[in-house]
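Engineer: build me a model from this:
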Amino acid sequence: MSRRFRICLTLLLTAACAGCSIFGSDAKPRMTPVDAEASKALDETGDLLVAGENRVFSVNSKTNEAREVLQTEQPVSSVSYTGEHMAITVFPPSDPKASRGFYLRDSGSDSFTMYPTPGFSPKLSYIYGDLMFLASADKTAQKDGDHAKVGIYQLKEHKWLKEWTLPGGIEDITGRGKDLWLVTSNNATTSSNVYKVDLETGEWGKLIAEARRYPLDQVEADSGGDLYMMISQRSKTEWSNKIYRWDPQQEPYELAHNFVSNTRPYSYAMQALNGKMLIVRFDATGAHPDIEKPLSVLDLKTRKQTHLAWDHRPVALDKSGDEFVALGEDGAIAFVKPGGAEKPDREMQVPGLRAAKCLAVKR
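Structural biologist: Okay, the predicted model is just below:
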C-alpha cells in the first residue's frame, strides 16, 4: 500500500468517524414545533421550568401562571434553563432499547430539537453559556469496577467537546458559573468522591485525595463559595441524613472531621443560599410517608434548623434571587425565604402537572 493511499484512507476514516462518540451522536435529530404563546412564556414571562414524567411547563412565579410547552416521548430525567438555552434530558430507565437523548431549544426558536444519544442515558444536566455538561445513568464495567459516562456539549456548534468516564455512578451535580462539582458513588475499588470540572478548559479532578467508603450522593455550592456534601436517603439507609463541609485546607481531608448537621428522619436534597440551606426531609422507604414539616432551613453558621410545615411532598429544589424554590410531587411550588418562618412565604400550583420530578430556575 503506497504512502499516499494510506494518507487518503486515514483522512477518509477520520471524516467518517468525526460524528462518532460514546454518545452515538451520529443519530438524526428531530424537531417539535413551539407555538407563539409557548415561545413567549419561555423567553419573556417564564422564570421557572418544571417537568413531570412527560410534560414540561413554563412557570411565571410572579403571576402564578403556567403553560405547557413540551410533551416528551420518554420520561424526563432533568431540566436546565438559562436566558439563551434550555435542555430537557429524557430516557426510560426500565427499557434499555428505547430512545433516549435531550431536547434543546435556543431563545427565540420556534421549536425544540431532540438529539438522540443511543449510547448514553442522560441523567443530569447543567448549562453554562453555550456549554452543557451531561452525566449518564449508565455504567460500564472496567478493570477497576463500574464507570459512568460524562461529557461536555457545545450548544451553538452542536458537537461534543469532551467525553470521559468516572469511577462509580454519578449521583448529583451542581454548578456555579464555569465550575461544576459532581459526586460519585462507590464502585468495587474506588471510593465515593467529589470531582470538580472546569467547563471552559475541560480540566477535571477529584477533591478528596484519600476517600473512604462513605456513600456520598449529594453536593451543593453555597453562593459564598463553600461546598457541602450529603449522604441522603435516596437508595440507601445507612448514615442517610449527614451533611459535611469541604475544607480545601485540610490535608488529607477527613469527612468525619467536617460534619455540619443531620436532618431526621432522613434527608433527600439540599440547596444553599447566602449561608442558609434548604433541606428536603422525607423518607423514600415509606416508613415515614407523611411528615408534617417536610422542609428544613439550616443556618450553616449556627447550625440551627427550622422545620417548615407544607402539605406536599417535595421532590426537587432550586434557588432564585434571595429565595429557595421547592417543587412538590403533586405540582405545588413553594417559595421560601431563608429566614425564620415556619412555613413557605408563598406557594402556587401548576395545573395539570402530576408526578412532578424536575425543577429549574432560569439563570
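Engineer: so what's the closest residue to residue 149 other than its chain neighbours bridging to?
Structural biologist: Among residues not flanking residue 149 along the chain, residue 136 sits closest, at 4.1 Å (Cβ to Cβ, 6 or more residues apart in numbering). Every C-beta, even on glycine, is put in place using the N, C-alpha and C of the backbone. Counting by DSSP bridges, residue 136 is bridged to residue 122.
Engineer: likewise residue 269?
Structural biologist: Bridge pairing for residue 269 - DSSP bridges - gives residue 280.
Engineer: so it is in contact with residue 233, correct?
Structural biologist: No: look at residue 269 against residue 233 with Cβ atoms under 8 Å: they stay out of range, at 10.1 Å.
Engineer: the closest residue to residue 247 other than its chain neighbours and residue 246: what is the separation?
Structural biologist: If the residues on either side of it in the chain are set aside, residue 247 comes closest to residue 258, at 5.4 Å by Cβ to Cβ, 6+ apart. Distance of residue 258 to residue 246, computed by Cβ to Cβ, to the nearest Å: 7 Å.
Engineer: those two: who's more crowded?
Structural biologist: Set side by side, residue 258 and residue 246 show more neighbours around residue 246, with 19 against 15, by other Cβ atoms under 10 Å.
Engineer: for that one, give me its contacts.
Structural biologist: Each residue near residue 246 by Cβ atoms under 8 Å, 6 or more residues apart in numbering is listed here: 194, 207, 226, 227, 228, 229, 253, 258.
Engineer: isn't the residue nearest to residue 247 up against residue 245?
Structural biologist: Yes: with contact defined as Cβ under 8 Å, residue 258 and residue 245 form a contacting pair (4.8 Å).
Engineer: neighbour count winner among residue 269 and residue 233?
Structural biologist: Set residue 269 next to residue 233 and count neighbours by other Cβ under 10 Å: residue 233 wins out with 25 against 21.
Engineer: name the nearest residue to the more buried one, sequence neighbours excluded.
Structural biologist: residue 266 (3.4 Å).
Engineer: ok, residue 91 - how many residues close by?
Structural biologist: Applying other Cβ under 10 Å, we find 23 residues neighbouring residue 91.
Engineer: let me redo that: residue 170
Structural biologist: Burial of residue 170, expressed as a neighbour count using other Cβ under 10 Å, amounts to 23.
Engineer: who touches it in this structure?
Structural biologist: Shown in contact with residue 170 (Cβ under 8 Å, 6+ apart): 123, 124, 135, 136, 137, 148, 150, 182, 183, 184.
Engineer: thought the third one was touching residue 173?
Structural biologist: What that stands for is residue 135. Yes: using Cβ under 8 Å, residue 135 is in contact with residue 173, at 6.0 Å.
Engineer: which of these two has more neighbours?
Structural biologist: residue 135 (28 against 21).
Engineer: quick check: closest non-adjacent residue to the more buried one.
Structural biologist: Excluding the flanking residues, the one nearest residue 135 by Cβ to Cβ, 6+ apart is residue 170, at 3.9 Å.
Engineer: from residue 211, how far off is that neighbour?
Structural biologist: 15 Å.
Engineer: count the neighbours of residue 293 for me.
Structural biologist: Burial measure for residue 293: 13 neighbouring residues, criterion other Cβ under 10 Å.
Engineer: wait, it sits on residue 307?
Structural biologist: Yes: using Cβ under 8 Å, residue 293 is in contact with residue 307, at 3.7 Å.
Engineer: what residues are shared contacts of these two?
Structural biologist: Joint contacts of residue 293 and residue 307 (Cβ under 8 Å, 6+ apart) are residue 281.
Engineer: stretch 224-241: end-to-end distance?
Structural biologist: With Cα to Cα, to the nearest Å as the measure, stretch 224-241 spans 23 Å from end to end.
Engineer: most centrally placed residue in this structure?
Structural biologist: With distances taken as Cα atoms, centre = their mean, residue 124 lies nearest the centre of the chain, 4.2 Å away.
Engineer: now for residue 84, how many residues are close by?
Structural biologist: For residue 84, using other Cβ under 10 Å, the count is 14.
Engineer: ok, and the closest non-adjacent residue to it?
Structural biologist: residue 107 (5.3 Å).
Engineer: now do residue 15, the pLDDT please.
Structural biologist: Residue 15 is assigned 37 on the pLDDT scale.
Engineer: now for the helix or strand harbouring residue 133, which elements pack on it?
Structural biologist: In this assignment (DSSP states H and E), residue 133 forms part of strand 131-142. Applying 3 or more Cβ pairs under 8 Å, 6 or more residues apart in numbering; DSSP states H and E, one finds that strand 131-142 contacts strand 85-90, strand 122-128, strand 145-154, strand 159-167, strand 170-176.
Engineer: recalculate using a threshold of 7 Å.
Structural biologist: Strand 131-142 makes packing contacts with strand 122-128, strand 145-154, strand 170-176 when contacts are defined by 3 or more Cβ pairs under 7 Å, 6 or more residues apart in numbering; DSSP states H and E.
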